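A.B. asks: When you get a sec, could you give me coordinates for this:
(2 chains)
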Amino acid sequence: MIRSTLLSAFILLSLSGLAMAGGMPHDRLSDPALETRAQHLFTELRCLVCQNQTIADSDARIAHDLRLLVRTRLQDGESDAAILEYIHSRYGDFVLMRPPVRAGTWGLWFGPVLILILGGASVIQIMRRARRDQQESDNT
Amino acid sequence: MTRKHIITLLPVLLFIGLMGVAIIPLLRGDDPSKIRSVLIDQPVPDFTRAEFSSSDLKNRVVLLNIFASWCPPCEIENEMLLTLKKDHAIEIYGINYKDSDAGRRDYLQRLGNPYVAVTPDPKGELAIAWGSYGVPETFIIDGMGRIRYRHAAPLTPGDLEKIILPLIREIRK
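C.D. replies: Modelled structure (predicted):
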């Protein structure tokens, strides 16, 4: 009795995991190669209404629609790049988990590196100065 | 001010700058869940349906509204759409997002039908073509078949007076 309860709980939990990984099992494409491409594309696309979740992770209606669109277009023989480009043309940079590098997004891509360099440089400078002060006080 | 001072102050200035970037949109009351449509000033997406096609949205100012019978804000908004139709003679085309035929029929019968034509979108692909991310959404299309405005929320009387009607008047000039 307990064992069968545990077993069914295990099966249900495993199924819910599948459901979260890009839709219900019955939505999956029968061709495993296409389904792998679909799953990859899902991780490249941001869900529009859930702020920083990919459409693979989201339960939102729009995420479901986008997954369906990706799968349908893959089955129609479209390339990954063409599918991403179509969705990008409808929703803009926001929908891409990795927005394109261009003048408007330089801050996004290189800002953190710039801050790291500036921060690192000032830390090194402070440490150098501290050591010099130490030496000077040792000499006197 | 010496060079040393400037270097010491640099992190403080950077910090204030970053704070500004983060705080200004908050003070302005921007809603981060609202995404500006990239389709503004772009031609309407190409589509052909039995009920209407993209070519029907050209030659005059029209509205396109995405709605569903299961969407309570759409029900409230329907009143505004009826006002636009009756009092301002504005043609509204409808995309019925992920709905059933019965649901749509009952909804329009119960609340009144503000649409010139309605096309069902059971899989949501037409909504994606319009860059929609929820219902209701309303687009204003100018006489040249270009999208001029997208409203990603239910229309209120205030929206009609302050945004929709002034923009339509401006386009028609």
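A.B. asks: quick check, distance from the helix ranked longest in chain B to the centre of its chain.
C.D. replies: The longest helix of chain B (DSSP state H) is helix B:3-28. In terms of C-alpha atoms, centre = their mean, to the nearest Å, the centre of helix B:3-28 is found 35 Å from the chain centre.
A.B. asks: do the same with stretch B:118-131
C.D. replies: In terms of C-alpha atoms, centre = their mean, the centre of stretch B:118-131 is found 14 Å from the chain centre.
A.B. asks: ok, now stretch A:116-134?
C.D. replies: 35 Å.
A.B. asks: And for stretch B:155-167?
C.D. replies: The chain centre lies 12 Å from the centre of stretch B:155-167; the measure is C-alpha atoms, centre = their mean.
A.B. asks: That one spans what distance, first to last residue?
C.D. replies: 14 Å (C-alpha to C-alpha, to the nearest Å).
A.B. asks: returning to what we had before: can the longest helix of chain B be found next to chain A?
C.D. replies: Yes - contact of helix B:3-28 with chain A (C-beta under 8 Å from any C-beta of the partner chain) involves B:Ile7, B:Leu10, B:Pro11, B:Leu14. No exception for glycine: its C-beta is placed from N, CA and C like everyone else's.
A.B. asks: Redo these as JSON lines? Include pLDDT.
C.D. replies: As requested, the residues of helix B:3-28 next to chain A are arranged in JSON lines below (pLDDT from 0 to 100):
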{"residue": "B:Ile7", "pLDDT": "74"}
{"residue": "B:Leu10", "pLDDT": "80"}
{"residue": "B:Pro11", "pLDDT": "79"}
{"residue": "B:Leu14", "pLDDT": "84"}
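A.B. asks: and of those, the nearest to A:Val49?
C.D. replies: Relative to A:Val49, the closest of these is B:Leu14; by C-beta to C-beta it sits at 32.8 Å.
A.B. asks: For that closest one, grab the count of nearby residues.
C.D. replies: Residues contacting B:Leu14 under the criterion other C-beta atoms under 10 Å in any protein chain shown number 14.
A.B. asks: Hmm, it is touching A:Ser122, no?
C.D. replies: No - shown here, B:Leu14 and A:Ser122 do not form a contact pair, counting by C-beta atoms under 8 Å, at 10.4 Å.
A.B. asks: Tell me how chain B divides into domains.
C.D. replies: Taking automatic domain parsing as the reference, chain B has its domains at B:1-30, B:54-172.
A.B. asks: circling back: want to try a markdown table for the residues of helix B:3-28 next to chain A, with distance to B:Leu57 as columns?
C.D. replies: Shown next, in a markdown table, are the residues of helix B:3-28 next to chain A (distance: C-beta to C-beta, whole Å):
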| residue | distance to B:Leu57 |
| --- | --- |
| B:Ile7 | 59 |
| B:Leu10 | 54 |
| B:Pro11 | 54 |
| B:Leu14 | 48 |
